[in-house]
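Engineer: Predicted structure and sequence below. I'll ask about it afterward.
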Amino acid sequence: MSKLALDGVIAYPVTPFDPVDGGVDTVRLAALVDRLVDSGVHAVAPLGSTGESAYLGDAEWRTAAETAVGAVAGRVPTVVGIAELTTRGAVERARFAERAGADAVMVLPLSYWRLSEREVARHFTEVADAVGIEVMVYNNPATAGIDLSPEQLVGLVESVENITMVKESSGDLQRMHRLAQLSGGELPFYNGSNPLALPAFVAGAAGWCTAAACLAPEQVLALHRAVRSGELAAAREVFGRLLPLLQFLVTGGLPTTVKAGLALRGTPAGAPRPPLLPLDDARSGQLAALLREIDEVGAPQAA
């Protein structure tokens, strides 16, 4: 079982790129991570889908990992995302993340050839055996091309000592109920589907993995506080205000929309890396309106 005991809002920063040379902008990445920690999030997870991990070269990935972990500086746990086609590549990055000071790695299996259940299990096991830190197994069929069932995820946690957590991003709430059911409520699982934030907490999710904290940290944290204090009416109110923004971020692509939002907030993080494109003017206008609506309500009172 997890010794980290992650609970709450796990914030996913984008990876800023320098507008001149296009490389990783370490100054802006460190500043973004610092703002997230200062806002009160409970953990930081660089190099997830939001962090454009799939679009970084190996040296860039390592630079971003070191920068983010260094900026967190142990103030909250750091969970570094790893998504590699090969097991060897995933092992190398997991070992690097551990040396850099990460508290855990979040591992997403990618596929070109469709992987069998046996191959997926071997991939996770070899990565977990290569490090001494905890491993969060990540199911995101939309980006990975592999769909891991709740039974398979729980089986990995039960059979490999340092696989201790699950992130579920299929968008299927019933799978979260099934994870709780199969583990007797003992398995820490984390919701990665923004529009399911409230129902996932109600289903027993230990935390919410979200890039929305980059744009509206007070409201994101207020939702968590309301849920944990049992104030479901307040939680529904906060969630209702956040939901249009959450839906916009997901449908527009997280790196694209979050970077556009950061620019609107006056903290630009550069453009997403092609083939991803910046948000067009019409959609930027819609995002600006959504952020204004949230700002006009103001920061929710602490529950």
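Structural biologist: All right, it came through fine.
Engineer: make it CA atoms for all contacts and neighbour counts henceforth
Structural biologist: Fine.
Engineer: any chance you could map the helices in the protein?
Structural biologist: For the chain, applying DSSP state H gives helices covering 26-39, 58-72, 87-100, 117-130, 141-144, 150-159, 173-182, 197-202, 217-228, 232-252, 254-264, 281-297.
Engineer: And the first one, what's buried?
Structural biologist: Of the residues in helix 26-39, those scored as buried under the neighbour-count criterion (16 or more other C-alpha atoms under 10 Å) are Thr26, Arg28, Leu29, Ala30, Leu32, Val33, Asp34, Arg35, Leu36, Val37.
Engineer: orientation of that helix relative to helix 58-72 in degrees?
Structural biologist: For helix 26-39 against helix 58-72, the angle by axes from the mean of the first three to the mean of the last three C-alpha atoms, to 10 degrees is 40 degrees.
Engineer: could I get helix 26-39 in PDB with only the CA atoms?
Structural biologist: What follows is helix 26-39, C-alpha atoms only, in PDB (Å, rounded to 0.1, in the frame of the first residue of the first chain):
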ATOM      1  CA  THR A  26      13.200  26.300 -17.500                       C
ATOM      2  CA  VAL A  27      12.700  29.700 -15.900                       C
ATOM      3  CA  ARG A  28       9.000  29.800 -16.800                       C
ATOM      4  CA  LEU A  29       8.500  26.100 -15.800                       C
ATOM      5  CA  ALA A  30      10.100  26.700 -12.400                       C
ATOM      6  CA  ALA A  31       7.900  29.800 -11.900                       C
ATOM      7  CA  LEU A  32       4.700  27.900 -12.900                       C
ATOM      8  CA  VAL A  33       5.600  25.100 -10.500                       C
ATOM      9  CA  ASP A  34       6.300  27.600  -7.700                       C
ATOM     10  CA  ARG A  35       3.000  29.300  -8.200                       C
ATOM     11  CA  LEU A  36       1.200  26.000  -8.100                       C
ATOM     12  CA  VAL A  37       2.800  25.000  -4.800                       C
ATOM     13  CA  ASP A  38       2.200  28.400  -3.300                       C
ATOM     14  CA  SER A  39      -1.500  28.200  -4.300                       C
END
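Engineer: Not counting that helix itself, show me its contacts.
Structural biologist: 11, 13-16, 43-44, 63-64, 67-68, 70-72, 75-76, 213-214, 217-218, 269 (C-alpha atoms under 8 Å, 6 or more residues apart in numbering).
Engineer: Need the buried ones from these selected in ChimeraX.
Structural biologist: A single ChimeraX command selects the buried members of the contacts of helix 26-39 (16+ other C-alpha under 10 Å):
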select :11,13,14,15,16,43,44,64,67,68,70,71,72,76,213,214,217,218,269
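Engineer: residues touching Ala102, list them.
Structural biologist: Ala102 neighbours (C-alpha under 8 Å, 6+ apart): Val69, Pro77, Thr78, Val79, Val80, Ile133.
Engineer: Give me the buried subset of those.
Structural biologist: Val69, Pro77, Thr78, Val79, Val80, Ile133.
Engineer: which one among those residues gets closest to Leu115?
Structural biologist: Val80 (23.3 Å; C-alpha to C-alpha).
Engineer: So what's the residue count around Glu134?
Structural biologist: By other C-alpha atoms under 10 Å, 23 other residues sit near Glu134.
Engineer: Go ahead and confirm Val131 touches Ala94.
Structural biologist: Yes: counting by C-alpha atoms under 8 Å, Ala94 is a contact partner of Val131 at 6.8 Å.
Engineer: Nice, that's everything, thank you.
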